[in-house]
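Engineer: here is a sequence with its predicted model. Questions after.
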Amino acid sequence: MHQHAASPDPAAPADSADVIVVGAGPAGSSTAFHLAQAGLDVLVLEKCHFPREKVCGDGLTPRGVKQLVGMGIPLSPEDGWFPNRGLRIIGGGVRLELDWPDLASYPGCGMMRSRRGFDETLARAASKAGARLLEGVNVTGPVLDETTGRVAGVTARASAPEGDGALRTYRARLVVAADGGSSRLSLAMGLAKRDDRPLGVAVRTYYTSPRHDDDYLESWLELWDGDRLLPGYGWIFGAGDGTSNVGLGLLNTSAAFQHTDYRGLLRRWLAGMPAEWGYTEENRTEPIRGAALPMGFNRTPHYTRGLLLAGDAGGMVNPFNGEGIAYAMESGEIAARVIAQALAQPDRASAERVLHGYPQALRDAYGGYYTLGRKFVGAIGHPWVMKFATRHGMPRPAVMRLVLKLLANLTEPRGGDAADRLINALSRLTPAA
Ligand SMILES: Cc1cc2nc3c(=O)[nH]c(=O)nc-3n(C[C@H](O)[C@H](O)[C@H](O)COP(=O)(O)OP(=O)(O)OC[C@H]3O[C@@H](n4cnc5c(N)ncnc54)[C@H](O)[C@@H]3O)c2cc1C
């Protein structure tokens, strides 16, 4: 059996490792960081070169910040981080500022950081912890063990400048798919997206704006397209660097989902904003780009035949609020802990038993809450529910403080106040499916 080494074995062949992680977004880099810290030899294959863009709102709640703190990432403004105090919600004619809840289990602030810097910082942290990161290496498919049908590695092509484009094989005992929402690797292993789970689509861009230093994340709950109320929300997040990240997202639970011109909708929404905020074409600094948000475990099982799914590959975006970075990082950490325990087992059968604990650990962490989220997403697909909720919820700050805890999944796991206990009880009573 493999012995855990404190650092990668210099004699190990460059194209094999204990674990291969495909993709160096927040899920892949966190998985690799925690695996390397556990003393395993980790190879991370990332098709892009850093720094690279990722379409995102760039907003972190205290859940995401907690993961960064746990990885020892410096979070000062000089390092490019812009802290925020809470959420401003606009809807039902009301504008409400809610500070992040005061909890022992989570820090009191969120953060903004463009994904260009964020993802590179995380990838470098994984390298520093001992993971071998290869950039510009595009994974083309799994390599299967002919007798067992298990993943034994991956094939990949390295692009210029370092690579020659030739197909190469990389081998490992386990592979983690952290290759994002489309997860070609999972698909190649027969794991398609589940149509019975929610999916969001969101678009975003950046504008130079005097509101760039807003220290609340701002959500607009009512998205009107003409006289249609759409299920989703618009956001204005100050990036602290002279620009605001502005975007909107919709859920697939409404009839409007398929037929919406998202870029046009964003432009029409912003046309109604005060001119002094500056959200006009002249101030736009990036193209309007969109991507999918795979929610509520929309790809399962999260472990099969030597392959573990982390982050968007496993559909881990929170259906209540569209947040995915924190869940990508958390699932990466959970995957790494399970893998480290599995590879320390004396034989393959017991290692396999440990690995099947990964989907269970995810269900324990998010299962009931995500089932609730799916019901929520289904409900707000009906415009009257959305109208009723904004009209009757928004004017009641105590209700909205509870709603913030529910939407951002920020409660004390044990004890806490009445809102924490109510949300935890609901999540526990709702079956994880
Ligand atoms: C418009 C929009 C706004 C959003 N806003 C927020 C927000 O404000 N806050 C938040 O928390 N979440 C937000 N999300 C969700 C968030 O972006 C994702 O949940 C998060 O990026 C998931 O991380 P990941 O590591 O799983 O996947 P990704 O970040 O997608 O990373 C996947 C990585 O894998 C690499 N890769 C893919 N295929 C291959 C291959 N074949 N070989 C090698 N490498 C490969 C990619 O290059 C990439 O680096 C938003 C999403 C969208 C679309």
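Structural biologist: Arrived safely.
Engineer: what's near enough to touch the nearest residue to residue 262 once chain neighbours are set aside?
Structural biologist: Nearest-residue entry for residue 262: residue 203, 4.4 Å, with adjacent residues in sequence omitted and distances by C-beta to C-beta, 6 or more residues apart in numbering. In short, each C-beta sits where N, CA and C put it, glycine included. By C-beta atoms under 8 Å, 6 or more residues apart in numbering, the contact set of residue 203 is 55, 247, 248, 249, 262, 263, 266, 288, 289, 290.
Engineer: for the third one, what are phi and psi?
Structural biologist: For residue 248, the backbone dihedrals (degrees, to the nearest 10) come out as phi -150, psi 150.
Engineer: so how many other residues sit close to it?
Structural biologist: By the measure other C-beta atoms under 10 Å, the count of residues near residue 248 is 23.
Engineer: how about the fifth one?
Structural biologist: Counted by other C-beta under 10 Å, the residues lying close to residue 262 total 18.
Engineer: tell me how far it lies from residue 164.
Structural biologist: 39 Å (C-beta to C-beta, to the nearest Å).
Engineer: just give the nearest non-adjacent residue to the residue of the stretch 301-433 of the chain found nearest the ligand, would you?
Structural biologist: Across the stretch 301-433 of the chain, no residue is closer to the ligand than residue 324, which sits at 1.8 Å (C-beta to the nearest ligand atom). Ranked by C-beta to C-beta, 6+ apart and with sequence neighbours excluded, the top spatial neighbour of residue 324 is residue 317, at 3.9 Å.
Engineer: so what's the one you found up against?
Structural biologist: Residue 317 sits in contact with 200, 293, 294, 295, 296, 323, 324, 327, where contact means C-beta under 8 Å, 6+ apart.
Engineer: next, it: phi, psi?
Structural biologist: Taking degrees, to the nearest 10 as the convention, residue 317 sits at phi -70, psi 140.
Engineer: how far out from the middle of the chain is the helix ranked longest in the chain?
Structural biologist: Taking DSSP state H as the criterion, the chain has its longest helix at helix 325-343. Relative to its chain's centre, helix 325-343 lies at 13 Å (C-alpha atoms, centre = their mean, to the nearest Å).
Engineer: ok, now stretch 346-363?
Structural biologist: Taking mean C-alpha positions (C-alpha atoms, centre = their mean), stretch 346-363 and its chain are 23 Å apart.
Engineer: that one near the ligand anywhere?
Structural biologist: No - using C-beta under 6 Å from any ligand atom, stretch 346-363 stays clear of the ligand, with a minimum separation of 13.4 Å.
Engineer: which residues are in contact with that stretch?
Structural biologist: Against stretch 346-363 from outside (C-beta under 8 Å, 6+ apart): 1, 174, 297, 300-303, 308, 314, 316, 331, 334-335, 338-339, 341-343, 345, 432.
Engineer: give me the residue from the stretch 101-250 of the chain nearest the ligand.
Structural biologist: The nearest approach of the stretch 101-250 of the chain to the ligand comes at residue 180, 2.9 Å away (C-beta to the nearest ligand atom).
Engineer: wait, that residue sits on residue 314?
Structural biologist: No - with contact defined as C-beta atoms under 8 Å, residue 180 does not reach residue 314; the gap is 10.6 Å.
Engineer: out of the contacts of residue 203, list just those in strands.
Structural biologist: 247, 248, 249, 289, 290 (DSSP state E).
Engineer: keep only these that also lie close to the ligand.
Structural biologist: residue 247.
Engineer: count the neighbours of the residue of the stretch 101-250 of the chain closest to the ligand for me.
Structural biologist: Per other C-beta under 10 Å, the neighbour tally for residue 180 reads 21.
Engineer: which residues touch it?
Structural biologist: 23, 25, 311, 312, 313.
Engineer: if we use 7 Å, what do you get?
Structural biologist: 23, 25, 312, 313 (C-beta atoms under 7 Å, 6 or more residues apart in numbering).
Engineer: return the subset of those lying in helices.
Structural biologist: Judged by DSSP H, helices contain none of these.
Engineer: could those residues go into JSON lines alongside neighbour count and pLDDT?
Structural biologist: Below are the contacts of residue 180 laid out as JSON lines (neighbours: other C-beta atoms under 10 Å; pLDDT from 0 to 100):
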{"residue": "23", "neighbour count": "28", "pLDDT": "98"}
{"residue": "25", "neighbour count": "29", "pLDDT": "98"}
{"residue": "312", "neighbour count": "31", "pLDDT": "98"}
{"residue": "313", "neighbour count": "32", "pLDDT": "98"}
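Engineer: need those in JSON lines (columns: distance to residue 373).
Structural biologist: As requested, the contacts of residue 180 are exported to JSON lines (distance: C-beta to C-beta, whole Å):
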{"residue": "23", "distance to residue 373": "24"}
{"residue": "25", "distance to residue 373": "22"}
{"residue": "312", "distance to residue 373": "16"}
{"residue": "313", "distance to residue 373": "19"}
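Engineer: restrict the residues you listed to those near the ligand?
Structural biologist: Okay, of the contacts of residue 180 touching the ligand (C-beta under 6 Å from any ligand atom), that's 23, 25, 312, 313.
Engineer: let me know the closest of those to residue 140.
Structural biologist: residue 23 (13.5 Å; C-beta to C-beta).
Engineer: kindly report the residues of this protein close to the ligand.
Structural biologist: 22-28, 45-48, 54-59, 64, 138-139, 178-180, 184, 202-204, 247, 291, 293, 311-313, 317, 322-326, 328.
Engineer: let's see it at 5 Å
Structural biologist: 23, 25-27, 46-48, 55-57, 59, 138-139, 179-180, 202, 204, 291, 311-312, 317, 323-325, 328 (C-beta under 5 Å from any ligand atom).
Engineer: just the ones of those in strands?
Structural biologist: Using DSSP E, 46, 59, 138, 139, 202, 204, 291 are the members of these that sit in strands.
Engineer: what's the pLDDT at the residue nearest to the last one when sequence neighbours are not counted?
Structural biologist: In space, and not counting its chain neighbours, residue 291 is closest to residue 55: 4.3 Å by C-beta to C-beta, 6+ apart. Residue 55 is assigned a predicted lDDT (pLDDT) of 98.
Engineer: got it, and residue 433?
Structural biologist: If you check residue 433, the pLDDT there is 73.
Engineer: swap in residue 104?
Structural biologist: 96.
Engineer: any low-confidence regions in the chain?
Structural biologist: Applying pLDDT under 70 to the chain picks out residues 1-13, 255-256.
Engineer: which residues in it form helices?
Structural biologist: Using DSSP H, the helices of the chain run over 26-37, 62-70, 115-129, 184-188, 262-271, 325-343, 348-355, 357-362, 368-380, 383-393, 397-408, 418-429.
Engineer: next up, the contacts around the nearest residue to residue 233 once chain neighbours are set aside.
Structural biologist: Closest residue in space to residue 233, ignoring its immediate chain neighbours: residue 219 at 5.0 Å, by C-beta to C-beta, 6+ apart. Residue 219 sits next to 87, 89, 233, 235 when contact means C-beta under 7 Å, 6+ apart.
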